[in-house]
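Colleague: any chance you could fold what I've pasted below:
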Amino acid sequence: MAKEWDVSEISCSVGGVEIDDLLSFSYDNEDEITHIETVNGVVGYNKKFAKPTWTLKCRATSEALNQLVQFKENKEEITVTFKAPGLVVNCYDAIIKKIDPGEVGGEATEVSIDGLALKIEEKWG
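Modeller: A predicted model of the protein is given here:
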């Protein structure tokens, strides 16, 4: 049986500020693992710690943008929380790295907010 995806259950807050006009949220919390190669072939793995990153996209009409710009300018460490049906993601000691309005035209543009975190925890279920 297919479950319904209820968009009203999706939310994101940055430093306690609720993001209105949210379009998407993504994050990367994976350890970097590559092969160790020699002339005789693969002999092991290079294992590096994760460098947690996160990105959210919202419309330029979002009332939260002024506060996000202040967080970025002040280099404040904040918590970012994203909630969706079956998933909660918390980005701890997060900092906003970049706010990019993209191409501005006749419609409300998509603004991309990129950030770093010291730790990202995800809870499924």
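
Colleague: only C-alpha atoms from now on, for both contacts and neighbour counts.
Modeller: Fine.

Colleague: buried sites along the longest strand anywhere in the chain?
Modeller: Using DSSP state E to define each element, the chain has its longest strand at strand 87-100. Using 16 or more other Cα atoms under 10 Å as the test for burial, strand 87-100 gives 88, 89, 90, 91, 92, 93, 94, 95, 96, 97, 99.

Colleague: tell me the one of those nearest residue 54?
Modeller: Of all these, residue 54 sits closest to residue 91, with 7.8 Å by Cα to Cα.

Colleague: show me the beta-bridge partners of that closest one.
Modeller: Residue 91 has these beta-bridge partners by DSSP bridges: residue 80, residue 120.

Colleague: format the buried residues of strand 87-100 as CSV; extra columns: pLDDT.
Modeller: Below are the buried residues of strand 87-100 laid out as CSV (pLDDT from 0 to 100):
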residue, pLDDT
88, 97
89, 98
90, 98
91, 98
92, 98
93, 98
94, 98
95, 98
96, 98
97, 98
99, 97
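
Colleague: can you show me the helices along this structure?
Modeller: With DSSP state H, the ranges of helices along the chain come out as 65-74.

Colleague: mind listing what the residue nearest the centre of it touches?
Modeller: By Cα atoms, centre = their mean, the chain has its centre lying nearest to residue 54, at 2.4 Å. By Cα atoms under 8 Å, 6 or more residues apart in numbering, the residues touching residue 54 are 25, 26, 27, 28, 91, 114, 115, 116, 117.

Colleague: any of those residues buried? List them.
Modeller: 25, 27, 91, 114, 115, 116, 117.

Colleague: with distance to residue 62 as new columns, can those residues be given to me in TSV?
Modeller: Putting the buried ones among the contacts of residue 54 into TSV (distance: Cα to Cα, whole Å) gives the following:
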residue	distance to residue 62
25	15
27	21
91	21
114	16
115	18
116	21
117	23
